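*Asks:* quick one, what's the 3D model for this:
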Amino acid sequence: MKDSTARLDYQHAEAETTDKLSLSGVKGAIYRSVGALLLAQHADGYWSFELEADCTIPAEYILMMHYLGEIDHELERKLATYLRGRQGDDGGWPLYYGGAAEVSCSVKVYYALKLSGEDPDQPHMRKAREAILRLGGAARANVFTRIALAMFEQLPWRGVPFLPVEIVLLPRWFPFHLYKISYWSRTVMVPLLILWTFKARARNPKKISIRELFERDPWRQNDYFPTRSVLNRLFLVLDRLGLRLYPLLPDRVRRRAIKKAEAWIVERLNGVGGLGAIFPAMINAYEALELLGYPLNHPLRVQARKAIDDLLIVGEHSAYCQPCVSPVWDTAWASIALQEVGDEASQKSVKEALRWLGTKQLLDPPQDWAHNRRHVRGGGWPFQFINSHYPDLDDTAAVAYGMNRSGERSYDGAVQRATEWICGMQSKNGGFASFDADNNHTYLNEIPFADHGALLDPPTEDVSARCLMLLARLGNSSEVSTAKKKCLDYILRSQKPDGSWYGRWGTNYIYGTWSVLVALEEEGVGSEESAVRKAVAWLKSVQRDDGGWGESCDTYFKPEEKGHGERSTSFHTAWAVLGLLSAGEVDSASVRQGIDFLLRTQQADGFWRDPEFNAPGFPRVFYLKYHGYDKYFPLLALARYQNLTAGKN
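*Replies:* Numbers count the residues shown, from 1 in each chain. Model prediction:
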C-alpha cells in the first residue's frame, strides 16, 4: 500500500482516464450484469445463489454417514475431494479463504478424510496431523468438535460440558433458559441434549480412530476446559458439580424432559426445511430422532434427511454441503439492484420476485420470538425457503424496503405488518437484533458450552441500519417516529472513533459503514453531518491503490486491521461506493476509481468472481461466502452511480 501522498498522485493522474472509462462503460457493464442476473432467476421468481462455509460442514456430513452407518461411497469420495482441495499451505484447514489453520475445523476434516479411506501416511495427512498437533491437538478443539469425538468414542464424555435434557424444564426465571439464548443456539442445543443424555454412540463401521491427534491419552486428560474468566471458572465448577449430582435425579424427571424435548423438536422440524433451516441443528435433530426410536422410514426421519441432503452441491468431481440456503435475502437484494436499473426487463423481473416474496411472509404464531414479545403480531420473512418459527429482521427490512420502493399498492398490507413487527422487536437500547429482542444476557457467553462466544443475538449496527432504512420511508406515525429516533441514537452511539461501523453479518467495517450510510441517507441525515463526514473520511482512507476496497475476515480477530485485506473485491468495492454515494460523494475521485475498478474486473458473463468469504456466521468461529454478493451488489453500485450522474455530463 502506498502512502497518502502516492495515493493523491495516483488519483490525480488517473482522474481524467477514469472519468472517461466510467461514463462510457457503465451502461454496457449494467446491461451485461442485468442479463446475467435475469438468466439466474428461477422460474418461480426467486434467486438462490450458493452459500458456502468452511470445511467443517462437508466434514460433518461424512461424520454423519459413519455415525449412522449409512454411507454413500460416491458422495463420500466427492466430499473428500472437496476437502482435500481446500487444505491450507500450513497443513490445516482455515475458517475462511486465505485464513490460517484452525484446530477444530482441521480435526473434523482430518477425521472425515480418514473415515473416507485416506491413508494417514499420505503427505497431505501427515502435514495435517503436524498442523493439528502444533495447535495443541484434538483436546484443544471446541465444544462442538469434542462432542462429535465423544460420540465416536475418541474422548470421554467428561471432556464435554454437562448437557442434560432436563435443561428444557428450567423455569423462565432461572439464569439459564432456552429463550435467553439465540435461535441458532437453541435449535442446535435441544437435540444435542438428547444426544448427550443418551450418550450417543457412533456405529463407525470401520472402527476408525484418530488417537494420533492427541498429545496424550484422552482418557487421562483433565484439562478439556481452559478457563476464560473468573465467571467462566465459576460456571465450570457448577458444571462439574452438576455432572456429579446428575445420577441422583429421579428417572421420572428425565422421562418428562425427554418427552418435552422431543415435542419441541417435532413441532419445529419445519418440513423439508429442517430444524431451524440450518445444517448443525438439522443433523443433530436427525440423529436425535433415531435415539428417540423413530425408524429410518418414519416420515419425520425421511423429511429430516431430505432437508439435509437438499443442502448438498454435487458436481462432477467434488461436492460440498451448504450450512443453509439464502433465497429470501438473495431475492431481496437482487430485486433492489434491478429496481435501481429500472428498465422494462428489470421491472418485470422484480414484479415476479416480489410476487414470490409475498408468499413467504410469516404472519401467524407460534414463532419463538413471541416468547419475549407476546403482544406483537407476526409479519416477518425468513432467510431460507422455509423457516416457519424463525423470521429475521434483516431479511424483513430488506424485503419490505423493496416492496415499498416498488410503488405497488398491493404490497401496502405486507409492508405495514412487517413494520409493525419490526417496531415491536426493537430492543431496549434502541437497536435491533436478528431474530429476537433483548437477547443480551452476556453472562451466558461464559458457560462451558459457549466457548464459541456466539450464544446470544444482541442488537447490531448493520441490522439496526437495515431497519432504519425501511422505517425512514414509512411516514411519521408515533410508533415509527419513536422507533426511528431510538434506532438512530443507537447507531450514532455505535460509531467507532475513526468513523466506521462494525459489521456483524457482513465482512466487516466496510459492510457496517455502508449499511449505516444508506440508512442515514434514507432518514434524511445530511451529508455535512459530522458522523457522515467521519465515515466518508474513513472509507477514503482504506481505499486501495487499484481503486477498489477489500477487507479480510482477520479483522474480527484484529480490529486494528479494519478495512484492509489482501486485495480488492467486487463486493467490498460496491459497498464502499454505495456508502460514499449515500454520503453525497458522487463526484469524488474515490467513487470514480471504485466504479472504474468494477468495470475492469467484470467477467465476460456479466458477473464478478471473488474467492474471498464475505460474511461471518458467528464472528471469530464461523464464516460464509455468499456467492450472490459478487453478482448483485456491484450491479447496484453501478446502477446507482449511473442514476446519480445522469444529466450532469
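*Asks:* doesn't F613 belong to a helix?
*Replies:* No - according to DSSP: H, G, I helix; E, B strand; the rest coil, the state of F613 is coil, so it is not within a helix.
*Asks:* starting at the chain centroid, how far to stretch 191-202?
*Replies:* 26 Å (CA atoms, centre = their mean, to the nearest Å).
*Asks:* quick one: the nearest residue to L163 once chain neighbours are set aside from N284, how far?
*Replies:* Nearest in space to L163, with sequence neighbours left out and distances taken as CB to CB, 6 or more residues apart in numbering, is W196 at 4.0 Å. Just so you know, the C-beta spots here come from the backbone N, C-alpha and C atoms, and that holds for glycine as well. Counting by CB to CB, to the nearest Å, the separation of W196 from N284 is 10 Å.
*Asks:* who's more crowded, those two?
*Replies:* Set side by side, W196 and N284 show more neighbours around N284, with 26 against 21, by other CB atoms under 10 Å.
*Asks:* look up how far D309 lies from that one.
*Replies:* 16 Å.
*Asks:* kindly report the same for I422.
*Replies:* In terms of CB to CB, I422 sits 34 Å off from D309.
*Asks:* these two: which is more packed in?
*Replies:* Set I422 next to D309 and count neighbours by other CB under 10 Å: I422 wins out with 26 against 15.
*Asks:* any idea which element the more buried one lies in?
*Replies:* If you go by DSSP states H and E, I422 is part of helix 412-424.
*Asks:* same check on E52?
*Replies:* strand 51-53.
*Asks:* adjacent strands (with direction) for that strand?
*Replies:* Next to strand 51-53 in the sheet, as set by DSSP bridges, lie strand 622-626 (antiparallel).
*Asks:* pull the residues that contact the strand it pairs with.
*Replies:* Contacting residues not belonging to strand 622-626 are listed as 49, 51-54, 56, 95-97, 99, 323, 326, 329-330, 452, 454, 507, 553, 611-617 [CB atoms under 8 Å, 6 or more residues apart in numbering].
*Asks:* burial of S530, as a residue count?
*Replies:* Using other CB under 10 Å: S530 sits among 10 other residues.
*Asks:* over to W608?
*Replies:* 22.
*Asks:* who's in contact with the closest residue to it other than its chain neighbours?
*Replies:* Residue nearest to W608 in three dimensions, not counting chain neighbours: S570, with 3.7 Å by CB to CB, 6+ apart. Neighbouring residues of S570 by CB under 8 Å, 6+ apart: 548, 598, 601, 608, 610, 630, 633-634.
*Asks:* any of the residues you listed buried? List them.
*Replies:* For the contacts of S570, a burial check counting by 16 or more other CB atoms under 10 Å picks out 548, 598, 601, 608, 610, 630, 633-634.
*Asks:* which members of those are positioned in helices?
*Replies:* Judged by DSSP state H, the subset of those located in helices is 598, 601, 630, 633-634.
*Asks:* will you turn the residues you listed into a markdown table that also has pLDDT?
*Replies:* Converted to a markdown table, those look like this (pLDDT from 0 to 100):
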| residue | pLDDT |
| --- | --- |
| L598 | 97 |
| T601 | 97 |
| D630 | 97 |
| F633 | 98 |
| P634 | 98 |
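*Asks:* now those in TSV, with distance to E479?
*Replies:* Rendered in TSV, the data for these read as follows (distance: CB to CB, whole Å):
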residue	distance to E479
L598	39
T601	44
D630	38
F633	32
P634	36
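*Asks:* which single one of these is nearest to E70?
*Replies:* D630 (36.2 Å; CB to CB).
*Asks:* just to be sure, L638 is in a strand?
*Replies:* No - assigned with three-state DSSP, L638 falls outside any strand and is helix.
*Asks:* let me know the secondary structure of E212.
*Replies:* Classified using three-state DSSP, E212 is helix.
*Asks:* same question for the one 10 residues further on.
*Replies:* Using three-state DSSP, the three-state assignment for N222 comes out as coil.
*Asks:* circling back to that earlier point, and the contacts of the helix holding I422?
*Replies:* 358, 361, 363, 373, 375-381, 391, 393, 396-397, 399-400, 403-404, 432, 437, 467, 470-471, 474, 479-480, 483.
*Asks:* did I read that right, L580 in a strand?
*Replies:* No - counting by three-state DSSP, L580 falls outside a strand, being helix.
*Asks:* beyond the strand or helix carrying L192, next helix or strand please.
*Replies:* For L192, the element it lies in under DSSP H and E is helix 183-197. On the C-terminal side of helix 183-197, the nearest following helix or strand under DSSP H and E is helix 230-245.
*Asks:* mind listing what's buried along the helix or strand following that next one?
*Replies:* On the C-terminal side of helix 230-245, the closest following helix or strand by DSSP H and E is helix 251-267. Neighbour counts over helix 251-267 (16+ other CB under 10 Å) mark 254, 257-258, 261-262, 264-265 as buried.
*Asks:* before we move on, what's the pLDDT of the residue nearest to L163?
*Replies:* We have a pLDDT of 97 for W196.
*Asks:* same check on D9?
*Replies:* At D9, pLDDT is 38.
*Asks:* with A531 instead?
*Replies:* Per-residue pLDDT puts A531 at 98.
*Asks:* got it, and L23?
*Replies:* 68.
*Asks:* same question, the one 10 residues further on
*Replies:* Note on S33: pLDDT of 97.
*Asks:* please apply the same query to N142.
*Replies:* For N142, the predicted pLDDT is 94.
*Asks:* from L149, how far out is it?
*Replies:* 11 Å.
*Asks:* which residues do those two both contact?
*Replies:* With CB under 8 Å, 6+ apart, N142 and L149 have no common neighbours.
*Asks:* now K540. Its backbone dihedrals?
*Replies:* phi -70, psi -30 (degrees, to the nearest 10).
*Asks:* gap between the residue nearest to W608 and L492?
*Replies:* Counting by CB to CB - S570 and L492 are separated by 30 Å.
*Asks:* may I have stretch 227-237 as CSV, with CA atoms only?
*Replies:* This file holds the C-alpha atoms of stretch 227-237, laid out as CSV (Å, rounded to 0.1, in the frame of the first residue of the first chain):
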residue,chain,number,x,y,z
THR,A,227,-10.7,-21.1,31.9
ARG,A,228,-11.5,-17.8,30.1
SER,A,229,-12.5,-15.6,33.1
VAL,A,230,-13.5,-15.7,36.7
LEU,A,231,-17.1,-16.1,35.8
ASN,A,232,-16.3,-18.9,33.4
ARG,A,233,-14.3,-20.6,36.3
LEU,A,234,-17.4,-20.5,38.5
PHE,A,235,-19.6,-21.9,35.8
LEU,A,236,-17.1,-24.7,35.3
VAL,A,237,-17.3,-25.6,39.0
